[in-house]
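**Student:** Return atomic coordinates for the entry below.
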Amino acid sequence: MIKFILLTLILLATIIAGPYLVNSQGFVHIATNDYIVETSLTTACIILVSSVLILLLVLDLLKRFISVPSVAGRFFSKLGAKKTFNLQNEAALAFEEGEFNRAYSLCKKSSSLDKMPNYIKLIMAKSAFELGKYEKTTEILNLLQKDKKTATASSILRAKLNLKIGNVDAALKILNSLKESHSSKTINSLIFESYVKEGNFEVVIPLIPELLKQNIITKDKASAIYSSYISDKLKVAKNRDEVLEIQNTLPKQIRKEGSIIASIIRKLIMCGDISNAKNLTLQNLKKDCSNDLLDSIALWDIYIPEVLKQLQSMESQNVLASQSNTHLLKAIGNLELKAGLIDDAKAHYEKALDISKSASTYRTLAQIYSQLNEFDKASTYYDLAAKQDINN
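**Tutor:** Got it, this is the predicted structure:
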């Protein structure tokens, strides 16, 4: 615009200066049907330039007036941005409160995926995952994978997704890659879950100390895993040497676990190693008599005199406590039964029955009364055992 004005002024100066230099004014005649207008060339040029300038001034004023809607547009644009921001904030809060359906809807309502901030995309992806919308989760994760700021979080979510749909190998590949540069409770927890789902306890067992340290699993859960692992190992053990090797490789923190010790003793008995079974049983009865071990003894098919003597000693040392301990009473009764001490066995099982009614106790008493040729009582106890089985 400035260049145009300058050129116009130069042209005007030329037109005005030219006639003056030759001492002759040119004239302009404008004729219409009714009028003839005659003026000098200089005046005509001045009128022309003035008209152009006035026109430019009018156009500028019109432009300023017309630009008012754009101000309104900016206002509404800011209003829309504020609404989007509020929706996304509500989505984040809804996700934290576990309202995944609402969080997903708010994210979707706030804006399109291409305009959505990455942290909101991540919330939407997590919400979609929790709602089982796995295709949508994958779509959003594909958009997030190039952003370094959300790479770790999106990778963890992708691992969860793979684990959820049963693709354990893919989940472990992602998680083990993350573990090289990150050490987090979430990653370790997912690695543990993956190996458990895969049934790879050979890898899980060494992880347990760290899992306990990070409170990913409880001591009871760790004991259950150890018990399951040891039981599986004992099932395939072929002789006493393999059983003893399993015992020697037990971590210190579970060597006193009653259920595990009971499994080892039971396997030693099955392998015919009564000596080691007896020694291990006596050692644990003296140190810490667990209910798991007593329950195991109550199911033994053999009689070990030293073990019965130790149990009877425990009973006599604390008569009141022993009379309410069904685990101890049934363990003593079973060994007495295997030793042929029928009356003693009957007395202990009847005491146990007074404390707690169970099908196994009814059934054992039925066997005892059969051996005593009291078949009516035996039949009654068999019926009671059957009814107890149905009720349970």
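**Student:** quick check, residue 348 in a helix?
**Tutor:** Yes: Residue 348: assigned to a helix according to DSSP: H, G, I helix; E, B strand; the rest coil.
**Student:** Test my guess that it contacts residue 333.
**Tutor:** Yes: between residue 348 and residue 333 there is a contact under C-beta atoms under 8 Å: 3.5 Å. From N, CA and C alone the C-beta is placed, and that goes for glycine too.
**Student:** Pull the contacting residues for residue 346.
**Tutor:** With contacts defined as C-beta atoms under 8 Å, 6 or more residues apart in numbering, residue 346 is in contact with 333, 365, 368, 369, 372.
**Student:** which SS class is residue 189?
**Tutor:** What three-state DSSP gives for residue 189 is helix.
**Student:** how close does the residue nearest to it when sequence neighbours are not counted sit to residue 187?
**Tutor:** Among residues not flanking residue 189 along the chain, residue 216 sits closest, at 4.8 Å (C-beta to C-beta, 6 or more residues apart in numbering). With distances taken as C-beta to C-beta, to the nearest Å, residue 216 is found 10 Å from residue 187.
**Student:** Residue 147 now?
**Tutor:** Taken as C-beta to C-beta, the span from residue 147 to residue 187 is 19 Å.
**Student:** So these two - more neighbours on which side?
**Tutor:** residue 187 (19 against 14; other C-beta atoms under 10 Å).
**Student:** Would you confirm that that one contacts residue 156?
**Tutor:** Yes: under the criterion of C-beta under 8 Å, residue 187 makes contact with residue 156 at 6.8 Å.
**Student:** between the two, what contacts are shared?
**Tutor:** Joint contacts of residue 187 and residue 156 (C-beta under 8 Å, 6+ apart) are 175, 178.
**Student:** Next, the contact list for residue 284, please.
**Tutor:** With C-beta under 8 Å, 6+ apart, residue 284 has these contacts: 256, 258, 261, 290, 293.
**Student:** Considering the residues you listed, which is situated nearest to residue 343?
**Tutor:** residue 293 (25.7 Å; C-beta to C-beta).
**Student:** Could you give the number of residues near that closest one?
**Tutor:** Using other C-beta under 10 Å, the number of residues around residue 293 comes to 23.
**Student:** which stretches of the chain aren't confidently modelled?
**Tutor:** 1-35, 37-45, 49, 63-80, 253, 319-322, 392 (pLDDT under 70).
**Student:** Now the two most distant members of the contacts of residue 284.
**Tutor:** Checking the contacts of residue 284 with C-beta to C-beta, the most distant pair is 256 and 293, at 10.4 Å.
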